[in-house]
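*Asks:* Mind looking at a prediction? Sequence and model below.
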Amino acid sequence: MTRIVIAGPRGNMGKEAVTMVTETEEFELAAVIDRKYDGMSMRDVDDLPNLDVPVFTDAGECFEKIKPDVLIDLTNPQTGKVHMKQALLNGVRPVIGTTGFTEEDVAELSSLAEEKELGAIIAPNFAIGAILMMKFSQMAARYMPDAEIIEQHHDRKLDAPSGTAVKTAQLISEVRQEKQQGHPKEEETLPGARGAEFDGMRIHSVRLPGLVAHQEVLFGGEGQTLKIRHDSMNRRSFMPGVKLACEAAMKLNVLVYGLEHIIE
Ligand SMILES: NC(=O)C1=CN([C@@H]2O[C@H](COP(=O)(O)OP(=O)(O)OC[C@H]3O[C@@H](n4cnc5c(N)ncnc54)[C@H](OP(=O)(O)O)[C@@H]3O)[C@@H](O)[C@H]2O)C=CC1
Ligand SMILES: O=C(O)C1=N[C@H](C(=O)O)C[C@H](O)C1
């Protein structure tokens, strides 16, 4: 039995994660970490399901008292980093869906996981289709190095560009020659018109109500274009990946950044 703590259980993703964990035979929901309702039981909180599971506000206290195997964090960039560090310091294996981590954050947390010999996962996107979209984009970039990333999300999203867009740009950068795209003399007459810049690639972030999570990677070559697109229509699309990440974290003793390393 894998004993799991979920941080952010009232959120869009946290709610689905609570359902996934409670419906998985080999998982037990040991506690939740919420910004409010410290010391209460989930069943006494209107916004949470009717479960006899304790609520903590302080992650450190939760880990010391509950001693879970895995933390699933689905909060916000600042909180996610703090929770992940506390998890590793307390012998808990973190599975982090929260986005907004910098390369420096990942490097620092990777060293800590290695020092503690604990499995840890930071997954910018848990959806299997999104992992394939990223892998296919990396494959395409070998042959069509001119690429622009257009990500589209709901307007409650805090971080831009999305973790998925950054990860896609990193994967493309691994395989293509350094390249500055567009006209060398191009000028933005409105700041931001060409989007964010990542190793010469452009990332465009769209935020609108009605959207969930969508990304298109657009490649251009002489006389042709190629579009690789993924759409998440709901948050259930991420849950098989969250389950897989929890199982993988239990078998690892290092940090893995990106589920593409788990789904070979
Ligand atoms: N890797 C992936 O596949 C995916 C990752 N994400 C990422 O997951 C994160 C959450 O997304 P989403 O569920 O849509 O966001 P929501 O805003 O719906 O949920 C975030 C939750 O975290 C809670 N929270 C904030 N601070 C704390 C804290 N200190 N302790 C405990 N809980 C806290 C919030 O509580 P309150 O409402 O009270 O502030 C809220 O309930 C984001 O970073 C997003 O980018 C999202 C989808 C897929
Ligand atoms: O905030 C979201 O919703 C999502 N965040 C992740 C990201 O930043 O890439 C994953 C998915 O796109 C949904």
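*Replies:* Happy to help now that I have it. Quantities reported herein were computed from a predicted structural model and do not represent experimental measurements. Numbers count the residues shown, from 1 in each chain. Ligands and ions are numbered 1, 2, ... in the order given.

*Asks:* and the chain, which of its residues are near ligand 2?
*Replies:* Taking Cβ under 6 Å from any ligand atom as the measure of proximity, the chain contacts ligand 2 at 99, 124, 125, 153, 157, 162, 163, 164, 213. For the C-beta atoms, the positions are set from N, CA and C on the backbone; glycine is no exception.

*Asks:* Just the buried residues out of the residues you listed, in PyMOL syntax.
*Replies:* Buried subset of those, written as a PyMOL selection, criterion 16 or more other Cβ atoms under 10 Å:
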select buried, resi 99+124+125+153+162+163+164+213
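
*Asks:* The residues of the chain next to ligand 2 into a markdown table, with extra columns for pLDDT?
*Replies:* Output for the residues of the chain next to ligand 2, formatted as a markdown table (pLDDT from 0 to 100):
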| residue | pLDDT |
| --- | --- |
| 99 | 96 |
| 124 | 98 |
| 125 | 98 |
| 153 | 98 |
| 157 | 96 |
| 162 | 98 |
| 163 | 97 |
| 164 | 98 |
| 213 | 98 |
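
*Asks:* Identify those among the residues of the chain next to ligand 2 that sit within helices.
*Replies:* Among the residues of the chain next to ligand 2, the members found in helices (DSSP state H) are 163, 164.

*Asks:* which among the residues of the chain next to ligand 2 are in contact with ligand 1?
*Replies:* When Cβ under 6 Å from any ligand atom is applied, the members of the residues of the chain next to ligand 2 adjacent to ligand 1 are 99, 124, 125.

*Asks:* between those residues, which is closest to residue 9?
*Replies:* Proximity of these to residue 9, judged by Cβ to Cβ, is greatest for residue 99, which lies at 18.0 Å.

*Asks:* what's the closest of the ones next to ligand 1 among the residues of the chain next to ligand 2 to ligand 2?
*Replies:* Comparing these against ligand 2 with Cβ to the nearest ligand atom picks out residue 99 as the nearest, at 3.6 Å.

*Asks:* shouldn't that closest one be in contact with residue 123?
*Replies:* No. With contact defined as Cβ atoms under 8 Å, residue 99 and residue 123 do not form a contacting pair (9.3 Å).

*Asks:* Now do whichever residue of the chain sits closest to ligand 1 against residue 204, distance only.
*Replies:* Of the residues in the chain, the one nearest ligand 1 is residue 11, at a distance of 2.1 Å by Cβ to the nearest ligand atom. Distance, residue 11 to residue 204, using Cβ to Cβ, to the nearest Å: 26 Å.

*Asks:* so how far is the longest helix along the chain from its chain's centroid?
*Replies:* Across the chain, the helix with the greatest residue count (assigned by DSSP H) is helix 128-143. The gap between the average C-alpha position of helix 128-143 and the chain average comes to 17 Å, counting by Cα atoms, centre = their mean, to the nearest Å.

*Asks:* what's the answer for stretch 165-175, then?
*Replies:* When C-alpha coordinates are averaged (Cα atoms, centre = their mean), stretch 165-175 and its chain have centres 15 Å apart.

*Asks:* ditto for stretch 174-190
*Replies:* Counting by Cα atoms, centre = their mean, stretch 174-190 comes out at 27 Å from the chain centroid.

*Asks:* what's the answer for stretch 256-263, then?
*Replies:* Centre-to-centre, stretch 256-263 and its host chain are 11 Å apart (Cα atoms, centre = their mean).

*Asks:* List the contacts of the spatially most central residue of the chain.
*Replies:* The central residue of the chain, meaning the one whose C-alpha is nearest the mean C-alpha position (Cα atoms, centre = their mean), is residue 124 at 2.6 Å. Residue 124 makes contacts with 99, 162, 163, 164, 166, 167, 258, as judged by Cβ atoms under 8 Å, 6 or more residues apart in numbering.
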